[in-house]
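Chemist: Attaching a predicted model along with its sequence, questions to come.
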Amino acid sequence: MKRFEQNQRISTRFGARTRFAVLPKPAAPFRGAQEAELERLKARLLQEAIGQTVDPELNAPLRRAANEAAALAWATSYPLLIFPTLFDEKAQSAARQAARQAEIRQESLAWLEAG
């Protein structure tokens, strides 16, 4: 067995140079203006919904409904078009849920008073 010397040269062979084409990065659509418009629409519809309700307990569920509708609408291709319908559905669902909770609360109080 030959002993390798530290100064021994090793011949190297390289293949042909490989070049990669750098393609321009496609420009992503700037959605900042659309996002601001969606926030304005959300605020306007939320204020209208809060103004029409007589129960202040419904304010927080309506705000949650608006945020959920905005998040869902933002995932679509046309968030400004979809948001009003989604918000209406979510607001109606929140109102039904709040009414059901109030009904259960009243029934629970009645049971507590009877017992």
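Modeler: Done, it's in.
Chemist: only C-alpha atoms for contact and neighbour calcs from this point on.
Modeler: Fine.
Chemist: any idea how far the residue nearest to the spatial centre of the chain is from Ala49?
Modeler: Taking C-alpha atoms, centre = their mean, the centroid of the chain lies closest to Ala71, which sits 3.5 Å from it. As judged by C-alpha to C-alpha, to the nearest Å, Ala71 and Ala49 stand 18 Å apart.
Chemist: Likewise for Arg96?
Modeler: 14 Å.
Chemist: Pull out the buried positions in whichever helix in the chain runs longest.
Modeler: Looking across the chain with DSSP state H, the single longest helix is helix 79-114. Judged by neighbour count (16 or more other C-alpha atoms under 10 Å), helix 79-114 contains these buried residues: 79-80, 82-84, 86-88, 90-91, 94-95, 98.
Chemist: got it, and stretch 58-67?
Modeler: Going by neighbour count (16+ other C-alpha under 10 Å), the buried part of stretch 58-67 is Leu58, Asn59, Pro61, Leu62, Arg63, Ala65, Ala66, Asn67.
Chemist: How far off centre is it?
Modeler: Distance, stretch centre to chain centre, for stretch 58-67: 15 Å (C-alpha atoms, centre = their mean, to the nearest Å).
Chemist: Just the CA trace of the strand or helix carrying Ala69, in CSV.
Modeler: For Ala69, the element it lies in under DSSP states H and E is helix 59-74. Extracted in CSV, the C-alpha atoms of helix 59-74 (Å, rounded to 0.1, in the frame of the first residue of the first chain):
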residue,chain,number,x,y,z
ASN,A,59,-72.5,43.6,18.6
ALA,A,60,-69.7,41.2,19.3
PRO,A,61,-71.2,38.3,17.3
LEU,A,62,-71.8,40.7,14.4
ARG,A,63,-68.2,41.8,14.5
ARG,A,64,-67.1,38.2,14.5
ALA,A,65,-69.4,37.5,11.6
ALA,A,66,-68.0,40.4,9.6
ASN,A,67,-64.4,39.2,10.2
GLU,A,68,-65.3,35.6,9.3
ALA,A,69,-67.1,36.7,6.1
ALA,A,70,-64.1,38.9,5.2
ALA,A,71,-61.7,36.1,5.7
LEU,A,72,-63.8,33.7,3.6
ALA,A,73,-64.4,36.3,0.9
TRP,A,74,-60.7,37.1,0.7
